[in-house]
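Peer 1: The following comprises the amino acid sequence and a computationally predicted model.
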Amino acid sequence: MERQQWKKILVGSAGNMVEWFDWFVYASFATYFAGSFFPSGNPTAQLMNTAGIFAVGFFMRPVGGWLLGRVGDRKGRKAALTLTVTLMSASAILIAVAPTYAVAGYGGAAVLLIARLLQGLSVGGEYAASATYLTEASSPEKRGFASSFQYVSMTAGQIVGLGLQILLQRTMSDDALHSWGWRIPFIIGALGAAIIFYLRRNMLETDVYEESADADATVGGDDKGTLKALWAHKREAFLVIALTMGGTVAYYTYTTYLTKYLSNSAGLSKQTATLVSFCALVVFACLQPLAGALSDRIGRRPLLITFAIGSTFLTVPIMTLLQHAGSFWPALGLSLLALLIVTGYTSINACVKAELFPTGIRALGVALPYAIANALFGGTAEYVALWFKNAGIESGFYWYVAGCAAVSLIVYLTMRETRDIDLNRVKTAEPATNQEKQVA
């Protein structure tokens, strides 16, 4: 049984890594292809255009969360995970072959937009399907540890993307990277997605989901994965949005936006900024299982509260010092401090959300509210940061990040502990009460 659990975790994580590689290389290579799809001019304006398309992908995530969350609850976690990687492969191919502004005018940007819409659909369902799969595939006393591989794989995807960027920076000229070299990671992403598609077709379903009688008893067989069933758990859905708010803003600030911030604001070269992000993310990935295992011992809330306090009170000083870091080592040290704080959220947020919902609505319950929160806060973080910079008040973004963390802190202080919740039982009384009334 232990071997099967590890097989499920490894296959689920590998697919998640490829999904997020494709998602994040858009952000990490944006400085190279921003000028390819928009008229020449202000570099910050070009980055804002590409960041806007990046944000559009997030606004498709609620749609993907609804569609693929429904598939995950009604057809199984395996079916949802296979479909997400298919969509991601298609989007990577589109970006790889998209024509430039010089060739097709804004037609290239339109292809880029379509690809990001597909990516949004894919990732909108991937996060929830993967979080649900990893949580259900683990034993109850190791759910925090197992689900931490959600962000291990997400971060691994970004590490591979940044590693590829470093390799290309050292083997290709800057002109070649801006001209055509930026297409290479998207070609690699499409090939990787094809491999994961094969692996996921042969993956094992979770035991929790296969107990279909339990899922039917929870929300009713016809209501599995429906908005009607989710509305019966609306308190948990709104809780997911609130507890995600601060974490997703902080995560995207110190991961996808960090490289641009170090090169565009702190004055580091693109190569140095990329190396800082790469090294920081390697350490960050290693921290996830350790923090996840700690949550299995002391609970989820202590880690969430620690993250929120640190992010609320240290974001402004960290971002201010990063702007004046000046070289590799100070920038790396500050980045590591920031990501250490964020680990309190990233390492366990997947299992916390999955633990809030019953089996028959778990995938949709995690997917839709999480995607909404990411569309409103995570996906717009980079755009908001660049807007503040363009307006000449860059420090305003630091306070924005701290404020979002403060809101989530209130939620963490008032929410219940989820570590000891049984995944096979109803998490709220409302659906069961309605059934009891009908029986009565």
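Peer 2: In hand now; what should we look at?
Peer 1: Give the full set of residues in contact with the nearest residue to residue 258 once chain neighbours are set aside.
Peer 2: Leaving aside its chain neighbours, residue 258 sits nearest to residue 277 (5.3 Å; criterion: CB to CB, 6 or more residues apart in numbering). In short, each C-beta sits where N, CA and C put it, glycine included. By CB atoms under 8 Å, 6 or more residues apart in numbering, residue 277 lies in contact with 28, 162, 255, 258-259, 262, 335.
Peer 1: Let me have those residues in a markdown table, extended by secondary structure.
Peer 2: Formatted as a markdown table, the contacts of residue 277 follow (DSSP: H, G, I helix; E, B strand; the rest coil):
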| residue | secondary structure |
| --- | --- |
| 28 | helix |
| 162 | helix |
| 255 | coil |
| 258 | helix |
| 259 | helix |
| 262 | helix |
| 335 | helix |
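Peer 1: Now list the buried members of the residues you listed.
Peer 2: Listed as buried from the contacts of residue 277 are 28, 162, 255, 258-259, 262, 335; burial here means 16 or more other CB atoms under 10 Å.
Peer 1: can you put those residues in a markdown table and add distance to residue 409 and pLDDT?
Peer 2: Listed next are these as a markdown table, based on distance: CB to CB, whole Å; pLDDT from 0 to 100:
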| residue | distance to residue 409 | pLDDT |
| --- | --- | --- |
| 28 | 30 | 75 |
| 162 | 30 | 80 |
| 255 | 21 | 88 |
| 258 | 23 | 91 |
| 259 | 28 | 88 |
| 262 | 27 | 95 |
| 335 | 22 | 97 |
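Peer 1: which of the residues you listed lies closest to residue 296?
Peer 2: residue 255 (24.8 Å; CB to CB).
Peer 1: Read off the pLDDT value for the residue nearest to the closest one when sequence neighbours are not counted.
Peer 2: Distances taken as CB to CB, 6+ apart put residue 158 closest to residue 255, at 6.2 Å, once the chain neighbours are dropped. On pLDDT, residue 158 comes in at 83.
Peer 1: sec struct for residue 158, please.
Peer 2: Looking at residue 158 with three-state DSSP, the answer is helix.
Peer 1: so what's it up against?
Peer 2: Contacts of residue 158 by CB under 8 Å, 6+ apart are 20-21, 24, 28, 255-256, 281.
Peer 1: likewise residue 144?
Peer 2: Residue 144 makes contacts with 292-296, 300, 347-348, 351, 419, as judged by CB under 8 Å, 6+ apart.
Peer 1: Residue 17 and residue 156 touch, don't they?
Peer 2: Yes. With contacts defined as CB atoms under 8 Å, residue 17 counts as touching residue 156 at a distance of 4.7 Å.
Peer 1: Burial check on the closest residue in space to residue 332 that isn't next to it in sequence, number of neighbours?
Peer 2: Distances taken as CB to CB, 6+ apart place residue 276 nearest to residue 332, at 5.1 Å, with adjacent residues excluded. Residue 276 has 29 neighbouring residues, counting by other CB atoms under 10 Å.
Peer 1: How much space separates residue 276 from residue 111?
Peer 2: 32 Å (CB to CB, to the nearest Å).
Peer 1: just residue 4 next, same as before
Peer 2: Distance from residue 4 to residue 111, by CB to CB: 42 Å.
Peer 1: List the contacts of residue 114.
Peer 2: Applying CB under 8 Å, 6+ apart, the residues near residue 114 are residue 94.
Peer 1: swap in residue 372?
Peer 2: 62, 65, 241.
Peer 1: separation between it and residue 69?
Peer 2: 12 Å.
Peer 1: do the same with residue 326
Peer 2: Taking CB to CB, one finds residue 326 at 45 Å from residue 69.
Peer 1: do residue 241 as well
Peer 2: 14 Å.
Peer 1: likewise residue 341?
Peer 2: 30 Å.
Peer 1: and those two? which has more neighbours close in?
Peer 2: residue 69 (32 against 23).
Peer 1: Would you confirm that that one contacts residue 368?
Peer 2: Yes. With contact defined as CB under 8 Å, residue 69 counts as touching residue 368 (5.9 Å).
Peer 1: Now the element after the helix or strand residue 63 falls within, going C-ward?
Peer 2: In the assignment (DSSP states H and E), residue 63 maps to helix 61-74. Using DSSP H and E, the helix or strand that follows helix 61-74 in sequence is helix 77-97.
Peer 1: buried sites along that next one?
Peer 2: Buried-residue list, helix 77-97, by 16+ other CB under 10 Å: 77-96.
Peer 1: Just give the nearest non-adjacent residue to residue 418, would you?
Peer 2: residue 355 (4.0 Å).
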